[in-house]
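Undergrad: Quick one, what's the 3D model for this:
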Amino acid sequence: MPDSAADRDAIRHLLALYTYNGDRGHVAELAACFAEDGAIEYPGNSATGPVAIATALSSGSDTRNPALTFVRHHITNPLIVLDADTATARSYFTVHTDIGPDHSGTYSDKLVRTPGGWRFASRRVRVDWQARHSLYRPMVTR
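TA: Predicted structure coming up:
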């Protein structure tokens, strides 16, 4: 029988790995948080598989604003529901940048246990609020 406390802790660690790597621009390490067929959906884009996710997050219109020198994602209230080798998680996030609070929203995740540990099977990023002077491209329809 799986150890639910250990699984929850491993999933919280995965949530932190994603944000720490993203904040530091380590896109390949962030993409490694996804299963081989894992998918991400965020405002204006989606991708499937770690290679495609890394490409989507590091090219085109998603190029980081050069004024953006400080990024910190803060995750709160992760609700994790375990079901053997799969799980779901829902978390709030707030992003602080050089301007202070920049945007916030919700992560909706489906997770899968892999030989390498827990990975995202899918992650949906919903932005609920964005500062008028956000250093990210517009993500919320005003």
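Undergrad: All the helices of this protein, in order from the start?
TA: Using DSSP state H, the helices of the chain run over 4-23, 27-31, 50-58.
Undergrad: Just the endpoints, please. Distance across stretch 38-52?
TA: 10 Å (C-alpha to C-alpha, to the nearest Å).
Undergrad: Compare the helices of the chain and give me the one nearest residue 67.
TA: Proximity to residue 67, assessed across the helices of the chain by C-beta to C-beta, is greatest for helix 4-23 (15.8 Å). From N, CA and C alone the C-beta is placed, and that goes for glycine too.
Undergrad: how about the helices of the chain in CSV, adding distance to residue 98?
TA: Shown next, in CSV, are the helices of the chain (distance: least, C-beta to C-beta, whole Å):
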stretch, distance to residue 98
helix 4-23, 13
helix 27-31, 20
helix 50-58, 20
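Undergrad: Indicate which one of these is closest to residue 114.
TA: That would be helix 4-23 among the helices of the chain, by C-beta to C-beta, at 10.8 Å.
Undergrad: who touches that closest one?
TA: Contact with helix 4-23 is made by 27, 29-30, 33, 57, 71-73, 75, 78, 80, 82, 87, 89, 91, 93, 107, 109, 111, 113, 117-120, 123, as judged by C-beta atoms under 8 Å, 6 or more residues apart in numbering.
Undergrad: Report how many residues lie close to residue 19.
TA: Residue 19: 20 surrounding residues under other C-beta atoms under 10 Å.
Undergrad: just the one 5 residues further on next, same as before
TA: Neighbour count of residue 24, defined by other C-beta under 10 Å: 11.
Undergrad: Over to residue 78?
TA: Neighbours around residue 78, by other C-beta under 10 Å: 16.
Undergrad: shaky segments in the chain?
TA: Along the chain, segments meeting pLDDT under 70 span 1-2, 59-65, 141-142.
Undergrad: all strands for it, in order.
TA: Secondary structure of the chain by DSSP state E: the strands cover 34-42, 45-48, 71-83, 86-97, 100-114, 117-130.
Undergrad: Now tabulate these in CSV and tack on distance to residue 5.
TA: Shown next, in CSV, are the strands of the chain (distance: least, C-beta to C-beta, whole Å):
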stretch, distance to residue 5
strand 34-42, 23
strand 45-48, 31
strand 71-83, 10
strand 86-97, 13
strand 100-114, 15
strand 117-130, 14
